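[1] sharing a sequence plus its predicted fold:
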Amino acid sequence: MTAIDTTTATELTYEQVQKTLVQPLQEKSVFLAAGPKIFDTSGPIRIPKNGASIADDLGFVAENEQIPEEDLDFAEVTMLPSTMKSIKVITRYSNELARQSVVSLDAAIKDRLVNDVAAKLDTQFLSALGDGVTTPKGLFAYADTQNVAVGGPLTLDALLTAWGLALSANVNMGALKWLLTPGDFVSLRKVKDTTGQYLLQPDPTADGVFRLWGCPVIVSSRVPDTTGGTVTGRAALVDFSQIAVARDLAPSVKILTERFADYDQQAIRVVARYDAAPLNPEAIVTLTGITRA
């Protein structure tokens, strides 16, 4: 009789169960990495800002004439009201599973929850949702931003129009970044000149960085399309340094060992609380009404 071995009883071979956990492919967070100003605070925050310019009211004053008085206007940006909700999640697991798992179960669950909470925040910050009272306003829900109504496929001319609006508003052009969906970026990437050469080329000074009209491109599938009968796309040209983020809690992890002790279970809790608002809305140019074939 032939003895069974590792080739005939692979199910019993310990080495076939590797001590690693394959993570699903997940888009990296782009909003916080794009460079907004982050303020750590445990309560409501007010950021003072200068109001409208008085340059148009200034005049030339002759000798011995009275110098006119002008009042300066001040404004403020308020964030993180007490009504702002947090993102919270608890995941329970049995102590038996923790002991028998071939991977570090608590570390695996913690990493996954933190990544998912960060993804939820990123999706909210790039959305057209939120009221600024209980949930943060998304970038496409900000008031008083500039807008280009594309009304067709996204073209280089439409992007140049958005670039021109930023230029006319005295925005810091060197700090601007494009925010595009993968589909719109690929469509632009296919544009060729009369000789068949692609018009868009990567920045030779940085790996994998593309530029449009001199501004780097951020590609994210979290840029939301409109909803309803006729779905259209969105894009934006943004100086992220002109966006403020109030952070009460970065994704914070707590291991709960006692609450579910009567079930012989442990739990991991992740909590995060943020808000975001534009400091200078004119430094954000949105492109809306983008149609796709």
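    Noted; the coordinates are in hand.

[2] residues touching A143, list them.
    Contact analysis of A143 by Cβ atoms under 8 Å, 6 or more residues apart in numbering lists P281. All C-beta atoms are positioned from the backbone trio N, CA, C, and that covers glycine.

[3] and it, that's in a helix?
    No. Under DSSP: H, G, I helix; E, B strand; the rest coil, A143 sits outside any helix and is assigned coil.

[4] quick one: list the elements packing against the biggest helix by length in the chain.
    Looking across the chain with DSSP state H, the single longest helix is helix 105-125. The helices and strands touching helix 105-125, judged by 3 or more Cβ pairs under 8 Å, 6 or more residues apart in numbering; DSSP states H and E, are strand 87-94, helix 95-100, strand 243-256, strand 265-278.

[5] flag whichever of the ones you listed has the least confidence on average.
    Mean pLDDT is lowest for helix 95-100 among those, at a mean of 89.

[6] tell me the buried residues in it?
    When burial is assessed from 16 or more other Cβ atoms under 10 Å, helix 95-100 yields no buried residues.

[7] do stretch 282-293 as well
    E282, A283, I284, V285, T286, L287, T288, G289, I290.

[8] which one of those is nearest I47?
    A283 (14.6 Å; Cβ to Cβ).

[9] backbone dihedrals for the closest one, please?
    phi -80, psi 10 (degrees, to the nearest 10).

[10] contacts only, for it.
    Contacts of A283 by Cβ under 8 Å, 6+ apart are A166, A169, V171, N172, V238, D239, Q242.

[11] got it, and R234?
    A128, F140, T181, V223, P224, D225, T226, T286, L287, T288, I290.

[12] export those residues to JSON lines and tack on pLDDT, distance to V89 and secondary structure?
    Converted to JSON lines, these look like this (pLDDT from 0 to 100; distance: Cβ to Cβ, whole Å; DSSP: H, G, I helix; E, B strand; the rest coil):
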{"residue": "A128", "pLDDT": "96", "distance to V89": "24", "secondary structure": "coil"}
{"residue": "F140", "pLDDT": "97", "distance to V89": "26", "secondary structure": "helix"}
{"residue": "T181", "pLDDT": "96", "distance to V89": "27", "secondary structure": "coil"}
{"residue": "V223", "pLDDT": "96", "distance to V89": "25", "secondary structure": "coil"}
{"residue": "P224", "pLDDT": "95", "distance to V89": "23", "secondary structure": "coil"}
{"residue": "D225", "pLDDT": "95", "distance to V89": "27", "secondary structure": "coil"}
{"residue": "T226", "pLDDT": "92", "distance to V89": "29", "secondary structure": "coil"}
{"residue": "T286", "pLDDT": "98", "distance to V89": "31", "secondary structure": "strand"}
{"residue": "L287", "pLDDT": "98", "distance to V89": "34", "secondary structure": "strand"}
{"residue": "T288", "pLDDT": "97", "distance to V89": "33", "secondary structure": "strand"}
{"residue": "I290", "pLDDT": "96", "distance to V89": "34", "secondary structure": "strand"}
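
[13] could these be laid out in a markdown table, adding distance to P81?
    As requested, the contacts of R234 are exported to a markdown table (distance: Cβ to Cβ, whole Å):
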| residue | distance to P81 |
| --- | --- |
| A128 | 21 |
| F140 | 21 |
| T181 | 31 |
| V223 | 27 |
| P224 | 24 |
| D225 | 29 |
| T226 | 28 |
| T286 | 25 |
| L287 | 30 |
| T288 | 28 |
| I290 | 33 |
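
[14] how about low-confidence regions in the stretch 101-250 of the chain?
    201-208 (pLDDT under 70).
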